[in-house]
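Trainee: I would like the atomic coordinates for the input below:
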Amino acid sequence: MSSEIENVHEETSQEETILAARRILKPTPVRIGHVPRWFKKSGAFGPYGEISSSWLDHYGSTKLSDGRVAFVSEPYSVGADQILECEDIAKWLGLDFWVDPNSWWYPGYTIRLIFVQKLSAN
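Mentor: Numbers count the residues shown, from 1 in each chain. Coordinates of the predicted model:
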């Protein structure tokens, strides 16, 4: 966590800390609870879908800088087993997956797990 965020945290409430961290780190906003249509159609998400894991926390969608809409989850922490599970899900669905330390939910305290459709080769 950056010292700028730590300094803000000492003097403010949690909500003010989050807002200050967002101003400093500029994560893309997340539409909390929204699941992109392409992800719903995969059959992996939902009450009877495959995805039900401890890494699924503060999830939603966000628009990436390249214009693609990503499905994201922003847990406070994940272990190697959970990252491997995410990689397996991405492979199973033919998606790109990566981890970004810059999150919207609580920047500096949560991380962002990103699932997105692959860029077309055109």
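Trainee: how far does stretch 59-74 sit from the chain's center?
Mentor: 7 Å (C-alpha atoms, centre = their mean, to the nearest Å).
Trainee: Quick check: end-to-end length of it?
Mentor: Stretch 59-74 has an end-to-end distance of 6 Å (criterion: C-alpha to C-alpha, to the nearest Å).
Trainee: How many residues are close by the spatially closest residue to residue 33 that is not a sequence neighbour?
Mentor: Excluding its sequence neighbours, the residue lying closest to residue 33 (C-beta to C-beta, 6 or more residues apart in numbering) is residue 60, at 5.6 Å. C-beta: built from backbone N, CA, C; applies to glycine. Here the count is done by other C-beta atoms under 10 Å, and residue 60 has 19 residues near it.
Trainee: tell me the pLDDT at residue 60?
Mentor: You'll see residue 60 listed with a pLDDT of 94.
Trainee: That one and residue 72 touch, don't they?
Mentor: Yes. Counting by C-beta atoms under 8 Å, residue 60 touches residue 72, with 6.3 Å between them.
Trainee: so what's in contact with the two at the same time?
Mentor: Shared contacts of residue 60 and residue 72, defined by C-beta atoms under 8 Å, 6 or more residues apart in numbering, are found at residue 30.
Trainee: What ranges does the chain have for its helices?
Mentor: 3-11, 14-25, 37-41, 80-93 (DSSP state H).
Trainee: who wins for proximity to residue 56 among those helices?
Mentor: helix 80-93 (9.6 Å; C-beta to C-beta).
Trainee: Check the offset of that closest one from the chain's centre.
Mentor: Chain-centre distance of helix 80-93: 14 Å, with C-alpha atoms, centre = their mean.
Trainee: I'd like to know which elements it is packed against.
Mentor: Judged by 3 or more C-beta pairs under 8 Å, 6 or more residues apart in numbering; DSSP states H and E, helix 80-93 is in contact with strand 95-100, strand 112-117.
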